[in-house]
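*Asks:* just a sequence and a predicted model for now, questions to come.
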2 protein chains.
Amino acid sequence: MSRWQPDAKGRLAKAALELYCERGYEQTTVAEIAGRAGLTERTFFRHYADKREVLFDGTAALQELFTSAVAAAPEEAAPIEAVAAGLEAVCASFAGRTEFARRRHFVIAATAELRERELIKLATLASALAATLRRRGVPEPAAGLTAEAGVAVFRIGFERWVAPGEDRELAQVVRECLAGLRTAVGAA
Amino acid sequence: MSRWQPDAKGRLAKAALELYCERGYEQTTVAEIAGRAGLTERTFFRHYADKREVLFDGTAALQELFTSAVAAAPEEAAPIEAVAAGLEAVCASFAGRTEFARRRHFVIAATAELRERELIKLATLASALAATLRRRGVPEPAAGLTAEAGVAVFRIGFERWVAPGEDRELAQVVRECLAGLRTAVGAA
DNA sequence: CAGGCGATGTCAGCGACTGCCATCGCGTTA
DNA sequence: TAACGCGATGGCAGTCGCTGACATCGCCTG
């Protein structure tokens, strides 16, 4: 049992989610997370900037996926259509991870500190989307607004998807939300 | 020099904004804020829940103003029209506070921790707006989406308004953003 | 003038986070 | 094969945000 078990970062993330579920985020200390992963508190902070970040490791990849899909949309597609293509790609990436997504979502929803972190991740995503749209020739403020709208559609759709009783695909729920936004905002 | 100078809470807020501007949020300790206000660290935490909250004391009033205006919109007004009325009311409340708004905004924009707090305040505002719209008979997900869109319009408009070189009224900039959103999302 | 009461001060302590240095395990190279 | 470099980890001390418990102060009321 060497000092270096493989995948220290992943073990920390797994231990953290477990403990946050079991006894709550605030009642869990970093030392406890590290202990369950067979590491020390100091090492935890070498892998994750803070106690919250351990739940948000995948967001960079999600952003990359979203922006790539938007950039790859047909050149003649309207901004909102390009965003819709990005939403499809992101939704597809959640296939087979429903249970993980649910557990993670409810931990975050239960803690104000974690919701704050989630919101800034989504804001960063919106910024990246806006930049991608600008690169497609969309002017401001349309680029920023369309990006914000796209993220809002994803967030609200995601929340509906993880709610108990919902059994449709994530993509389907998100599509419905996008249609709802068009109706609500577009109708004069 | 009694123990109780008037308006301890206001003095703390003033001292905090000054220090955050002078040397930055992270380089300022709560003890320093309290010291400048002639109080102790412990007393700071009796007035504000944490070091961030001292910059967000006005948000509750802003939310009240916004939702009241939405609720007071003509019954036959479409959801987005009611939100537009709320935006007008909120914009008007910034009259004469341009300089304060600017200083506060740039401090927040410069610090990730403060941006997080701002985002959750805006999210709370969006929730309250959605609830107000539902009370007007707007169904989900239109209520939530319209509320999100309204907050995004305000935020983006506000950012443009505080930017150097901008000399129009806040209300005017926000109106322009709302029109931009309609065009971007409504155009199929 | 006594007592109540709210605002403040004092103190001890926990937990998040950081800097610094020592240690360990592995691969490279002479 | 032995010395070396190097990245990952541990240990430790220290700062700071934040909290609970208790004492103190000043005002107000009876």
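*Replies:* In hand now; what should we look at?
*Asks:* now the residue in chain A positioned nearest to chain B: how far from residue B:100?
*Replies:* Of all residues in chain A, the one sitting closest to chain B is residue A:186 (3.1 Å; Cβ to the nearest Cβ). Where you see a C-beta, it was placed from the backbone N, CA and C, and this is true even at glycine. Separation of residue A:186 from residue B:100 (Cβ to Cβ, to the nearest Å): 36 Å.
*Asks:* isn't the residue of chain A closest to chain B up against residue B:185?
*Replies:* Yes. When contacts are counted by Cβ atoms under 8 Å, residue A:186 is listed as touching residue B:185 (6.1 Å).
*Asks:* comparing these two, which residue is more hemmed in?
*Replies:* Per other Cβ atoms under 10 Å in any protein chain shown, whichever of residue A:186 and residue B:185 has more neighbours is residue B:185, with 26 against 17.
*Asks:* element containing that one?
*Replies:* helix B:170-186 (DSSP states H and E).
*Asks:* tell me the mean pLDDT for that helix?
*Replies:* Averaged over helix B:170-186, pLDDT sits at 90.
*Asks:* which strands and helices sit next to it?
*Replies:* If you count contacts as 3 or more Cβ pairs under 8 Å, 6 or more residues apart in numbering or on different chains; DSSP states H and E, helix B:170-186 packs onto helix A:79-92, helix A:142-162, helix A:170-186, helix B:79-92, helix B:142-162.
*Asks:* which one of these lies nearest to DNA strand C?
*Replies:* helix A:142-162 (23.9 Å; Cβ to the nearest atom of the strand).
*Asks:* residues in contact with residue A:162?
*Replies:* A:101, A:102, A:105, A:106 (Cβ atoms under 8 Å, 6 or more residues apart in numbering or on different chains).
*Asks:* please read the previous query as pertaining to residue A:94.
*Replies:* Contacts of residue A:94 by Cβ under 8 Å, 6+ apart are A:101, A:170.
*Asks:* torsion angles phi and psi at it?
*Replies:* phi -90, psi 0 (degrees, to the nearest 10).
*Asks:* against residue A:82, how distant is it?
*Replies:* 20 Å.
*Asks:* swap in residue A:57?
*Replies:* Distance from residue A:57 to residue A:82, by Cβ to Cβ: 27 Å.
*Asks:* quick one, which of these two is more surrounded?
*Replies:* Per other Cβ under 10 Å, whichever of residue A:57 and residue A:82 has more neighbours is residue A:82, with 24 against 14.
*Asks:* which SS class is the residue lying closest to that one once chain neighbours are set aside?
*Replies:* Nearest residue to residue A:82 in three dimensions, chain neighbours excluded: residue A:73, at 3.8 Å (Cβ to Cβ, 6 or more residues apart in numbering or on different chains). Following DSSP: H, G, I helix; E, B strand; the rest coil, residue A:73 is assigned to coil.
*Asks:* residues in contact with residue A:73?
*Replies:* Applying Cβ under 8 Å, 6+ apart, the residues contacting residue A:73 are A:81, A:82, A:85, A:86, A:136.
*Asks:* domain map for chain A?
*Replies:* With domains defined by automatic domain parsing, chain A comprises A:8-54, A:58-186.
*Asks:* now do the buried residues in stretch A:58-77.
*Replies:* Buried residues in stretch A:58-77, counted by 16 or more other Cβ atoms under 10 Å in any protein chain shown: A:59, A:62, A:63, A:66, A:67, A:69, A:70, A:73.
*Asks:* which pLDDT value belongs to the fifth one?
*Replies:* Read that as residue A:67. For residue A:67, pLDDT reads 98.
*Asks:* so it makes contact with residue A:129?
*Replies:* Yes. Proximity of residue A:67 to residue A:129 meets the contact threshold set by Cβ under 8 Å, at 6.2 Å.
*Asks:* quickly list what's touching both of these two.
*Replies:* In contact with both residue A:67 and residue A:129: residue A:86, using Cβ under 8 Å, 6+ apart.
*Asks:* what about residue A:7, distance to residue B:34?
*Replies:* Residue A:7 is 45 Å from residue B:34, by Cβ to Cβ.
*Asks:* between these two, which has more neighbouring residues?
*Replies:* residue B:34 (22 against 10).
*Asks:* so for the more buried one, what's the pLDDT?
*Replies:* Value listed for residue B:34 in the pLDDT field: 98.
*Asks:* thank you kindly, that will do.
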